[in-house]
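# A predicted structure for the sequence below; I have some questions about it.
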Amino acid sequence: MFSRAYKLAISLPPLAWVAIFLLVPYGLMFAYSFWSVSSAQNIVHSLSFANYAELLSHRVYRQTLLRSAWIAARVTVLSLLLGYPLAYLLSFHAVRKKNVLYQLVIIPLWVSYLVRAYAWKTILGTDGVLNTVLQFAHVASHPLGFLLYSPFAVVLTLTHIYTPFAFLPIYASLEHISRSLIEASNDLGASRVQTFRRVILPLSLPGVLAGATFAFVLSFGDFLAPLLLGGPSGIMISNIVVNLFGASYRWPLGAAISFCMLSLVLLLLWISGRLEKRWAYS
Amino acid sequence: MGLLVNAITYNRAPKLLAAYAALVFAFLYLPIVVLIVYSFNGHGVGGFPPRDLTLDWYRQLFTDDAIWASVVNSLVVAIASVCIALALGIPAGLALDRANFPGKGIFRRLVLLPLVLPGIITGLSLLLLFREADVRLSLVTVILGHGTALISIATTEVFAGLQKLDRAHEEASLDLGATYWQTFWRVTLPNLKLSIIGAALLIFTLSMDEIAVSFFLIGRDNTLPLEIWGRLRRGITPEINAISTLIFVFSLLAIIVWYRLRMRAEAVDNELLV
């Protein structure tokens, strides 16, 4: 029904844009990872594997990468633990208040990421909200120092930020479950727990997977929360990249790390895509 | 019978689950409450409980030119990003729906990639592009970055809208002698109105708060999040809480208005269907 010219007109502009502003930059990132910086602070455009050799030989890169993955894994699990029951409650138990509650989950996203992260600083600081309350309640006798400037603070803040992101796809997948399946399960005598375990949970796995991927990938690459709240023990891999591109002016090494991050993320997306297909059909 | 059992067992939330959900909401809203309360705190952003409530920070905010300049910059960036993302995202959504070309699968993944990629990768790769092309960093490079990253939003919204659309309308228009161009403007676009407005609002708010991409592409003029970032590092005053509270209240109003509009539009749709 649509002519060739029409199809060209709708596909060419976005294709060209995506090629120039996404494909070429990723390619450049790959190219940069093989270049180097001369002593006169110029980029040397010649092939060398020095950056990758440095990444493999220095323990700090591997350690930071593992720490970032570990922080992201904790954020993912916590966001799912917070997001799933919320999505379940909204989808199956909130009848008339559904829309309002849904908006309530989304609204925190309208407060600037930075400002929410900063508010956690006010809460977790040594003279902050949490420490004062804990001391007042005689839970702690002196301010707890590990609350702020620690991986704990980073995990807490990132969990706060990515819980709505984990919630959204889970909620969407729960909403898609046909209610007659649940009725059938009830009619056949299954208890509520059995219905959840045998019907609802398996059918919501694609949503859980999407939420988990979002939470993991986005928190893995975060550099603002660690800078604000992480302290020296909460440094993540993106902080190293930011440093290499900033004060220390070692763009090629930074590009090599970012390219590794990009490959890792693409691998994760591919795996989650495969899993999603398998779970959707079974 | 099944329906009855369903109504009884499933419409009453188990108390434990409801209590847990209340805790999750408390966790989500605690920083926002703290943010708002401390915008009135006479003793800065630290200390508890807040003392000497004051409106001074709001007064200071209204005379702070740097903040307002950055707000204007952010608005310019957001509006321009909406235009770019829609101008490319609408055709991209149409193309994914109705055109076949080699590499379509790769194209779809590439368009959507910035949505799931950490902002640092999108920002850095574009920084390399602008450096190699000798483009000076400025608000324009930030706009190009936001626009590119947010095409994904417009594409997904338009694509989803097209799935619900009845092709017969466009077919009828073409059969009656309208050109493709006329059909696009008078049939396709009006039918996608809700998807497009929804995408525009989402792109606007995401751009207003974007920081990871802007961080690498910014020139001399700051956007609001970067202005806040600069101040956070120097040690902030509750002025930042004050501007954030104002933005929060504005966003809340915008959400309510948008929600009402959509409810009304859906009610009209339902009436037409009946």
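That came through fine. Numbers count the residues shown, from 1 in each chain, chains lettered A, B, ... in the order given.
# tell me the pLDDT at residue 216?
Defaulting to chain A. pLDDT, A:Phe216: 96.
# if you could check chain B rather than the one you did, that'd help
94.
# That one touches B:Leu128, doesn't it?
No - B:Phe216 lies out of contact with B:Leu128 (Cβ atoms under 8 Å); the separation is 9.5 Å. Placement of C-beta: from N, CA and C, glycine included.
# Give the residue spans of the stretch 151-282 of chain A that score low on pLDDT.
Applying pLDDT under 70 to the stretch 151-282 of chain A picks out residues A:281-282.
# give me every residue that touches the residue of it found nearest chain B.
Closest residue of the stretch 151-282 of chain A to chain B, Cβ to the nearest Cβ: A:Gly221 (2.1 Å). Listed by Cβ atoms under 8 Å, 6 or more residues apart in numbering or on different chains, the contact partners of A:Gly221 are A:Ile237, A:Ser238, A:Met261, A:Val265, B:Leu117, B:Pro118, B:Gly119, B:Ile120, B:Ile121, B:Ala212.
# Of all the helix elements in chain A, which one is longest?
Criterion DSSP state H: the longest helix present in chain A is helix A:59-92.
# Report the inter-axis angle for the next helix or strand after it versus helix A:59-92.
Heading C-terminal from helix A:59-92, the first helix or strand you meet, by DSSP states H and E, is helix A:98-106. In terms of direction (axes from the mean of the first three to the mean of the last three Cα atoms, to 10 degrees), helix A:98-106 departs from helix A:59-92 by 170 degrees.
# now for helix A:98-106, which elements pack on it?
helix A:59-92, helix A:151-176, helix B:239-273 (3 or more Cβ pairs under 8 Å, 6 or more residues apart in numbering or on different chains; DSSP states H and E).
# what about 10 Å?
Other elements packing on helix A:98-106 under the criterion 3 or more Cβ pairs under 10 Å, 6 or more residues apart in numbering or on different chains; DSSP states H and E are helix A:59-92, helix A:151-176, helix B:15-38, helix B:239-273.
# quick one: the closest residue to chain A within the stretch 101-250 of chain B and A:Lys98, what's the gap?
Across the stretch 101-250 of chain B, the shortest distance to chain A (Cβ to the nearest Cβ) belongs to B:Pro118, at 2.1 Å. Distance of B:Pro118 to A:Lys98, given as Cβ to Cβ, to the nearest Å: 32 Å.
# Over to B:Phe25?
15 Å.
# and stretch A:222-233, how far apart are its ends?
Distance across stretch A:222-233, first residue to last, is 15 Å (Cα to Cα, to the nearest Å).
# ranges for the helices of the chain?
Looking at chain A here, since you left the chain open. Taking DSSP H, the helices of chain A run over residues A:4-18, A:24-32, A:50-57, A:59-92, A:98-106, A:113-124, A:129-136, A:151-176, A:179-187, A:192-195, A:201-220, A:224-225, A:237-245, A:251-281.
# that's the wrong chain, I wanted chain B
With helices called from DSSP H, chain B shows them at B:2-10, B:15-38, B:56-62, B:65-98, B:104-116, B:119-132, B:139-164, B:167-175, B:180-183, B:189-191, B:193-209, B:212-217, B:224-234, B:239-273.
# out of those helices, nearest to A:Ala255?
Evaluated over the helices of chain B, closeness to A:Ala255 peaks at helix B:119-132, with 6.9 Å, by Cβ to Cβ.
# Low-confidence ranges, the stretch 1-150 of chain A, go.
For the stretch 1-150 of chain A, no range has pLDDT under 70.
# doesn't A:Leu156 make contact with A:Ile123?
Yes - A:Ile123 lies in contact with A:Leu156 (Cβ atoms under 10 Å); the separation is 9.1 Å.
# what do the two both touch?
Shared contacts of A:Ile123 and A:Leu156, defined by Cβ atoms under 10 Å, 6 or more residues apart in numbering or on different chains, comprise A:Leu147, A:Leu148.
# pretty sure B:Ser214 is touching B:Gly145, no?
Yes - using Cβ under 10 Å, B:Ser214 makes contact with B:Gly145 at a distance of 7.0 Å.
# Comparing the two, which shows the higher neighbour count?
For B:Ser214 and B:Gly145, the more surrounded residue by other Cβ atoms under 10 Å in any protein chain shown is B:Gly145, and the numbers stand at 32 against 27.
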